[in-house]
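Novice: Give me coordinates for this.
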Amino acid sequence: MNSVRHQDDPTRRARLRWRSRRGLLENDLILTRFLDLHEVTLSDEEVDALTLLLALTDNDLMSLLLGQNDPEGDLSAPHVKALLLRLRAA
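Specialist: Purely as a prediction, here's the structure:
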């Protein structure tokens, strides 16, 4: 069975961008800026990491983006930590 890569599916990409819209303006700005720069080059692994981060509450996400908290549990996976570094640099 062939699975469709996230980047090959415009609907999935649009859904990810929509999910990135957040209640906290700071989160919204960081995520929008990041996606404007990198959306078309994200790997499926990076999309998975972003999906995990988007499941967080706005305050928890902001704490990770600002480096106030360290990722724990599933969020401490190397691909999530790597994406956090890229988000912080955006």
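Novice: Could you check how far Val80 is from Thr41?
Specialist: According to CB to CB, to the nearest Å, Val80 and Thr41 sit 18 Å apart. Glycine gets a C-beta too; all of them are placed from N, C-alpha and C.
Novice: With neighbour numbers in mind, choose between these two.
Specialist: In this view Val80 and Thr41 are compared by other CB atoms under 10 Å, and Val80 has more residues nearby, 22 against 8.
Novice: For Leu87, which non-adjacent residue is spatially closest?
Specialist: Phe34 (5.4 Å; CB to CB, 6 or more residues apart in numbering).
Novice: wait, what's in contact with that neighbour?
Specialist: Taking CB atoms under 8 Å, 6 or more residues apart in numbering, we find Phe34 in contact with Arg86, Leu87, Ala90.
Novice: pLDDT on the helix or strand harbouring it, on average?
Specialist: Assessed by DSSP states H and E, Phe34 sits inside helix 25-38. For helix 25-38, the mean per-residue pLDDT is 86.
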